[in-house]
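In: any chance you could fold what I've pasted below:
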Amino acid sequence: MLSSATRRVIVSNASKAATAAAPMTSSMSSFSAASRTQKASYWSTSNNSLAKRPILHQNQQIRTVFIQTDTTPNPESIKFLPNRTVLPLNTDASTTGFYVTRSDAADIKRSPLCKMLFDNIDGIKSVYLGEDFITVTKYAEAHWKHVKTEVFSVIMDFYESGKLAVTDVEEITDTTILEDDDEVVAMIKELLESRIRPAVQEDGGDIRYVGFAVETGIVSVQLAGS
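Out: Purely as a prediction, here's the structure:
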């Protein structure tokens, strides 16, 4: 029969062994598969940047998006490589790629991915989509330290949405100006999209146009998030 002192030594050694066997998690945040609403991502501090987020799809199957980066001859451009297709081969843009700058409003509306990047990251100048990569070019005054982290997050959010990177027609949203919108409604939508929505999203929320009552002059909107 073991003495109490001997038992304490055995327990202490077992505890140390369990601690030594535990995976290293420095500079990484953990993700619990049991928490389906939790969004977790982490970035390594190595030169070959890597982002990872487990994604829960509608069929409850968890898949993980890994995003690596690669340098380009242009120091203002970085190539982001997710472990999945960006432009499917059966799309018109797959042979030539899809290039858009911040001023190309019509083309941005055709690409949910590009729209998410431009809407959420002020420092982006242009985006090029290839078959399996996304090249982001920033403004010279912007810093990759901040832009890269935001690009990782947007790309992961995009794949969670299940949308196509590029569509044949522009994406119709709540603030899309339709042919039958009168001048007042068009101005309201433009104001929401260009001024109010970016400010609300900066605080972690969103605002959506619902309608405009001509009789009362009241604009109805829907708030989300914060």
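
In: quick one: low-confidence parts of this protein?
Out: 1-63, 89-96, 169-172, 201, 203-205, 225-226 (pLDDT under 70).

In: let's see 50
Out: Within the chain, the segments meeting pLDDT under 50 span 2-47, 55-62, 226.

In: where do the helices of it begin and end?
Out: Secondary structure of the chain (DSSP state H): helices at 4-21, 105-110, 112-120, 144-161, 183-191, 197-202.

In: of all these, which lies closest to T72?
Out: Nearest to T72 among the helices of the chain is helix 144-161 (12.0 Å), distances taken as Cβ to Cβ. All C-beta spots, glycine's among them, are computed from the backbone N, C-alpha and C.

In: next, format the helices of the chain as a markdown table and append mean neighbour count.
Out: Listed next are those as a markdown table, based on neighbours: other Cβ atoms under 10 Å:
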| stretch | mean neighbour count |
| --- | --- |
| helix 4-21 | 10 |
| helix 105-110 | 16 |
| helix 112-120 | 21 |
| helix 144-161 | 18 |
| helix 183-191 | 14 |
| helix 197-202 | 15 |
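
In: closest one to V65 among the ones you listed?
Out: helix 144-161 (5.3 Å).

In: tell me what the closest one is packed against?
Out: strand 50-56, strand 62-71, strand 77-82, helix 112-120, strand 134-138 (3 or more Cβ pairs under 8 Å, 6 or more residues apart in numbering; DSSP states H and E).

In: deepest of the ones you listed, which one?
Out: strand 134-138 (a mean of 23; mean count of other Cβ atoms under 10 Å).

In: tell me the strands beside it, with direction?
Out: In the sheet containing strand 134-138, its partner strands are strand 77-82 (antiparallel), strand 124-129 (antiparallel), by DSSP bridges.

In: nearest to E202, of those?
Out: That would be strand 124-129 among the strands paired with strand 134-138, by Cβ to Cβ, at 15.5 Å.

In: so what's the backbone phi/psi at K163?
Out: Phi and psi for K163, reported as degrees, to the nearest 10, are phi -80, psi 160.

In: skipping its backbone neighbours, what lies nearest it in space?
Out: Closest residue to K163 apart from its sequence neighbours, by Cβ to Cβ, 6 or more residues apart in numbering: P112 at 4.3 Å.
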